[in-house]
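1. I'd like to go over a predicted model; first the sequence, then the structure.
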Amino acid sequence: MSLLIQGPKQPGNDIDVYLQPLVDELMELWSTGIHVYDAYKKEYFQLRAMLFCTINDFPAYGNLSGYSTKGKKACPICEENTHSIWLTNCKKPAFMGHRRELAETHPYRKKSDLFDGLLLNIPGKTKDGIKVRRDMELMNIRPELQPKDIDGRTTKFLPPDCYTMSKVEKTKFWQCLHGIKVPSGYSANIRKLVSMKDLKLLGMKSHDCHVLMTQMIPIAIRGILPNRIRHTITKLCLFFNMIHSKVIDPDVLDEYQRDIILTLCELEMYFPPSFFDVMVHLVSHIVGEIKACGPVFFLRYMYPFERYMCILKGYVRNLNRPEGSIVEGYASEEVIEFCTNYMDGFKSFRIPQSRHEGRLSGQGILGRKTGYSNVVDYQEAHFNVLQHITSIDLFIQEHMSLLRQQNRKKSAKWLAKQHKKTFSEWLKDKVRRTLPNIDKWSKLWDSPLNIVPISRI
């Protein structure tokens with residue numbers, strides 16, 4: 001850590017004061033550089049460096065860059081060209097109108113009534129309420145969803161939309177997530193995060209949300225929502241799954257961009273305007289960032305840093321001075337690791353050992369397991385290896401034709417069973433008769449995996 005945050009509060013918009021020493025060093029590295037010795041060439045050279053990118057969430061981006069990430073011009077890429085509308089009752093802007101990025105000949109261009117025309121309805125989390133419905137009424141869109149009066153009551157009736165789940169559908173959705181099991185280290189145990197009583201998720205981290213979005217939601221909503229809603233949500237999940245690949249073909253990025261714009265337009269057709277905050281709009285710029293900075297997986301992933309922040313928070317022993325505790329714990333760990341590496345062959349003292357320790361070198365972690373195979377398993381393994389060697393195909397055909405000639409009245413099932421039972425011994429005898437000097441290879445027949453000399457034959 002470059003500096004220690006003084007005081008109990010975060011610096012907020014004063015982060016520039018906190019980062020000023022780092023900014024000075026970056027300016028020096030960019031303008032004049034520093035004199036560095038090259039041990040390989042045995043000469044000095046002027047080292048220069050530049051800041052490639054920063055990794056942060058959207059609110060922190062506003063603090064670092066000074067750009068206002070709130071209001072009707074909240075998009076830092078569109079800036080003055082940001083398209084937004086003000087929702088009077090919700091009292092916030094909605095970032096819609098992604099049809100303008102479609103091709104001029106696209107049919108959605110002419111269907112303005114469908115656009116200028118949530119799922120789980122969790123209390124406190126839903127984007128669909130009386131204020132949203134009143135905004136729809138002011139915008140003169142979706143008259144079938146506008147609030148309706150109830151005789152003898154002051155409350156309004158809100159007609160259910162196509163994206164709203166019934167109680168039975170929500171129960172099926174949560175039961176599916178509750179039954180999912182993932183490998184160790186893949187994500188958190190989703191089963192422990194699902195509350196079947198309240199039908200909602202509790203205590204999820206950002207990486208768990210990412211796994212839920214890209215892998216689990218498309219499975220959990222199958223057979224629940226209408227086809228057009230389910231397909232749109234699935235396409236959005238697949239988009240996030242594709243852009244987080246380790247390798248991305250640059251030729252398909254334009255296709256990804258067209259697909260995500262079309263998906264956003266379809267979301268505008270089905271979901272209320274309050275759903276489209278600036279975070280939804282920023283999805284349309286992800287492909288452009290990949291073109292400029294490369295795949296997200298390598299240099300711009302937030303999850304490794306967030307996981308490491310969990311480790312740093314574990315160093316806190318004095319709650320009145322959390323930053324100082326982190327610095328002291330980090331420094332202590334560095335010293336212990338240096339001493340451990342210096343004394344090679346000694347086990348670490350009071351440092352927990354990773355459950356994955358030794359896996360790359362082939363060492364097991366669950367204890368030794370000894371298995372014994374019988375003769376039948378051995379012969380079956382030997383036979384399966386022989387069947388997958390290309391140079392043995394002619395011998396297989398010859399043996400099968402010989403069995404058919406000798407057993408004309410037998411069924412195909414019996415011939416296949418007999419072929420599996422006698423092929424190995426028949427091949428041994430044939431090779432020995434054909435090549436008298438094959439005895440020197442006789443030991444190779446003891447293992448079903450040592451078949452290389454036969455392929456040479």
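-> On my side now, so go ahead.
2. which outside residues touch the helix or strand where residue 59 lies?
-> Here residue 59 sits within helix 58-65, counting by DSSP states H and E. With contact meaning Cβ atoms under 8 Å, 6 or more residues apart in numbering, helix 58-65 is reached by 12-13, 15, 54, 56, 67-70, 76, 278-279, 282. Every residue, glycine included, has its C-beta placed from N, CA and C.
3. average pLDDT across the strand or helix carrying residue 218?
-> According to DSSP H and E, residue 218 maps onto helix 217-220. The average pLDDT for helix 217-220 rounds to 88.
4. from the contact counts, what lies against that helix?
-> helix 167-178, helix 227-243 (3 or more Cβ pairs under 8 Å, 6 or more residues apart in numbering; DSSP states H and E).
5. tell me the most buried of those helices?
-> For the helices and strands packed on helix 217-220, average neighbour numbers computed from mean count of other Cβ atoms under 10 Å are highest in helix 227-243, which has a mean of 17.
6. list the contacts of that helix.
-> Outside helix 227-243, the residues touching it (Cβ under 8 Å, 6+ apart) are 119, 162-163, 210, 213-215, 217-218, 221-222, 224-225, 248, 256, 259-260, 263, 266-267, 270, 283, 286-287, 290, 295-296.
7. tell me the angle the helix or strand that comes right after that helix makes with helix 227-243.
-> As assigned by DSSP H and E, the chain's next helix or strand after helix 227-243 is helix 253-270. If you take axes from the mean of the first three to the mean of the last three Cα atoms, to 10 degrees, helix 253-270 sits at 150 degrees to helix 227-243.
8. which of the contacts of helix 58-65 has the most neighbours?
-> residue 278 (22 neighbours; other Cβ atoms under 10 Å).
9. touching, that residue and residue 75? I think so.
-> Yes - Residue 278 lies in contact with residue 75 (Cβ atoms under 8 Å); the separation is 6.2 Å.
10. between the two, which contacts overlap?
-> Residues touching both residue 278 and residue 75 by Cβ under 8 Å, 6+ apart: residue 95.
11. mind checking the SS state of residue 75?
-> coil (DSSP: H, G, I helix; E, B strand; the rest coil).
12. quick check: the gap between it and residue 287.
-> 15 Å (Cβ to Cβ, to the nearest Å).
13. now residue 195
-> For residue 195, the distance to residue 287 - Cβ to Cβ - is 36 Å.
14. buried stuff in whichever strand or helix holds residue 288?
-> Under the criterion of DSSP H and E, residue 288 resides in helix 286-293. Residues of helix 286-293 classed as buried: 286-287, 290 (neighbour count, 16 or more other Cβ atoms under 10 Å).
15. that one - contacts with which helices or strands?
-> Using 3+ Cβ pairs under 8 Å, 6+ apart, helix 286-293 is in contact with helix 227-243, helix 253-270, helix 296-299.
16. and the ones you listed: which comes nearest residue 82?
-> helix 253-270 (14.4 Å; Cβ to Cβ).
17. the inter-axis angle of that closest one versus helix 286-293?
-> Going by the same axes, to 10 degrees, helix 253-270 makes 160 degrees with helix 286-293.
18. next secondary structure after helix 253-270?
-> Following helix 253-270 in sequence, per DSSP H and E, is helix 278-281.
19. chain center to that following helix: distance?
-> 19 Å (Cα atoms, centre = their mean, to the nearest Å).
20. do stretch 210-228 as well
-> Worked out by Cα atoms, centre = their mean, stretch 210-228 lies 15 Å from the chain centre.
21. show me which positions of that stretch end up buried.
-> Buried-residue list, stretch 210-228, by 16+ other Cβ under 10 Å: 210-212, 214-218, 220-221, 224-225.
22. can I get the CA coordinates of stretch 397-410 in CSV?
-> Output of stretch 397-410 as CSV, limited to C-alpha atoms (Å, rounded to 0.1, in the frame of the first residue of the first chain):
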residue,chain,number,x,y,z
GLN,A,397,-11.6,-56.3,-39.9
GLU,A,398,-9.7,-59.5,-40.6
HIS,A,399,-10.6,-61.0,-37.2
MET,A,400,-14.3,-60.0,-37.5
SER,A,401,-14.5,-61.6,-41.0
LEU,A,402,-12.9,-64.7,-39.7
LEU,A,403,-15.4,-65.0,-36.9
ARG,A,404,-18.3,-64.5,-39.3
GLN,A,405,-17.0,-67.3,-41.6
GLN,A,406,-16.6,-69.7,-38.7
ASN,A,407,-19.9,-68.8,-37.0
ARG,A,408,-22.4,-68.0,-39.8
LYS,A,409,-25.5,-68.7,-37.6
LYS,A,410,-24.5,-66.5,-34.7
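23. what does it rub up against?
-> Residues beyond stretch 397-410 that count as contacts (Cβ under 8 Å, 6+ apart) turn out to be 414-415, 418-419, 422-423, 426-427.
24. switch to 10 Å and redo it
-> 392, 412, 414-419, 422-423, 426-427, 430 (Cβ atoms under 10 Å, 6 or more residues apart in numbering).
25. the nearest residue to residue 34 once chain neighbours are set aside: neighbouring residues, count only.
-> Distances taken as Cβ to Cβ, 6 or more residues apart in numbering put residue 47 closest to residue 34, at 5.3 Å, once the chain neighbours are dropped. Residue 47 has 12 neighbours, counted by other Cβ under 10 Å.
26. quick one: residue 47 and residue 35 touch, right?
-> Yes - with contact defined as Cβ atoms under 10 Å, residue 47 reaches residue 35; the gap is 7.8 Å.
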